[in-house]
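Chemist: structure here, sequence nowhere to be found:
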Ligand code: PMP
């Protein structure tokens with residue numbers, strides 16, 4: 001059997017290490033996972049109730065178009081239903097956009113250290129990824145606009161950027177969008193949108209009226225705490241969403257995901273609380289990094305990327321032995337680790353473990 005040539009050397013996505021695996025491997029009772037930017041407070045109890053109420057309908061296929069959820073979200077965002085598409089996580093929306101728009105030889109522009117799923121899917125389609133170096137952990141929008149050619153179909157702006165956590169401001173984004181030709185799609189990945197507290201953060205939905213080539217991605221996996229259910233969405237002009245819908249599988253989001261997302265959307269009090277606690281967590285962790293003399297990128301999501309001044313993998317392994325899972329392995333920033341902002345207790349445990357690990361590593365150096 002002969003596979004597509006472009007998938008042969010494709011790396012398999014490496015997720016954060018699962019808690020159960022680490023417990024078993026290292027014989028630990030307590031393990032704290034701060035590796036996948038999950039919500040430490042779980043999800044709204046209203047979402048759990050909605051799932052329980054739906055359990056009698058497991059033998060029925062879901063509504064593939066997620067009509068009720070689409071209507072609720074359209075009303076909340078003040079846009080048309082036809083401007084929304086739901087997916088099995090925003091991961092799937094990325095794959096669908098690429099499946100619908102990229103052909104072999106097309107070019108797609110992204111940062112050199114950003115969410116890996118853009119490049120993986122572009123590789124699968126035989127498209128060429130042009131990776132533009134971040135500057136101080138931030139998208140270099142001017143360089144990205146300059147890299148546009150006749151072949152450029154899609155530009156990815158991850159905002160806040162995973163893994164660095166930096167944002168581009170509305171004025172920076174507007175200058176960039178003024179440069180980009182209307183035939184090139186700009187995808188703004190806003191997976192961490194609800195966490196951002198900086199007033200300079202773009203109001204992207206409003207910008208869509210002025211820039212019809214803009215597509216926005218958001219998700220229920222992060223602040224809504226529904227990562228297990230796999231539900232995210234894309235927002236764009238009706239014509240673009242209709243094109244993406246043509247390559248969507250018929251039942252790509254499940255019944256439980258749809259009802260949970262509906263209920264979660266209604267509980268904005270839960271979201272406000274998570275947002276406040278996350279901001280407090282960032283303040284605490286950044287203050288502790290300052291005390292430890294560590295530099296970090298300004299955090300805008302629910303994670304912080306810090307320079308541990310040692311190979312990230314080494315610090316990761318030492319933290320793992322103390323029952324804390326973080327994320328190392330960033331090609332552009334080998335001496336950094338990314339840590340998810342946890343609960344107050346988890347953040348304290350992380351800082352305590354990190355301080356010990358750095359002391360131990362310094363003592364043996
Ligand atoms: N975009 C970014 C920037 C992310 O960090 C993630 C999750 N790691 C996703 C998209 C995909 O999230 P999901 O598929 O769970 O919606």
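Modeler: Okay, I see it. Please read all numbers here as calculations on a predicted model, not as lab measurements. Numbering: from 1, shown residues only.
Chemist: where do the domain boundaries of this protein fall?
Modeler: 5-42+269-364, 45-266 (automatic domain parsing).
Chemist: could I get these as a markdown table with mean pLDDT and mean neighbour count?
Modeler: Using the backbone N, CA and C atoms, a C-beta is placed for each residue, glycine as well. As requested, the domains of the chain are exported to a markdown table (pLDDT from 0 to 100; neighbours: other C-beta atoms under 10 Å):
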| stretch | mean pLDDT | mean neighbour count |
| --- | --- | --- |
| domain 5-42+269-364 | 95 | 17 |
| domain 45-266 | 98 | 19 |
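Chemist: which one is residue 301 nearest to, not counting chain neighbours?
Modeler: The shortest distance from residue 301 to any non-neighbouring residue, by C-beta to C-beta, 6 or more residues apart in numbering, is to residue 192 (3.3 Å).
Chemist: mind checking how far residue 178 is from residue 260?
Modeler: With the distance defined as C-beta to C-beta, to the nearest Å, residue 178 ends up 39 Å from residue 260.
Chemist: ok, residue 212 next?
Modeler: Residue 212 is 32 Å from residue 260, by C-beta to C-beta.
Chemist: just to check, residue 343 is in contact with residue 42?
Modeler: No. Assessed by C-beta atoms under 8 Å, residue 343 is found out of contact with residue 42, at 10.4 Å.
Chemist: so which residue of the stretch 251-365 of the chain comes closest to the ligand?
Modeler: Proximity of the stretch 251-365 of the chain to the ligand (C-beta to the nearest ligand atom) peaks at residue 301, 7.9 Å away.
Chemist: contacting residues for that residue?
Modeler: Counting by C-beta atoms under 8 Å, 6 or more residues apart in numbering, residue 301 makes contact with 37, 160, 162, 165, 191, 192, 195, 196, 222.
Chemist: keep only those residues that also lie close to the ligand.
Modeler: 37, 162, 191 (C-beta under 6 Å from any ligand atom).
Chemist: ok, the last one - contacts?
Modeler: Right, the one you point to is residue 191. By C-beta under 8 Å, 6+ apart, the neighbours of residue 191 are 90, 115, 158, 162, 217, 218, 219, 221, 222, 232, 301.
Chemist: mark which of those are part of helices, please.
Modeler: Members of the contacts of residue 191 lying in helices (criterion: DSSP state H): residue 90.
Chemist: just the element for residue 156, please.
Modeler: strand 152-158 (DSSP states H and E).
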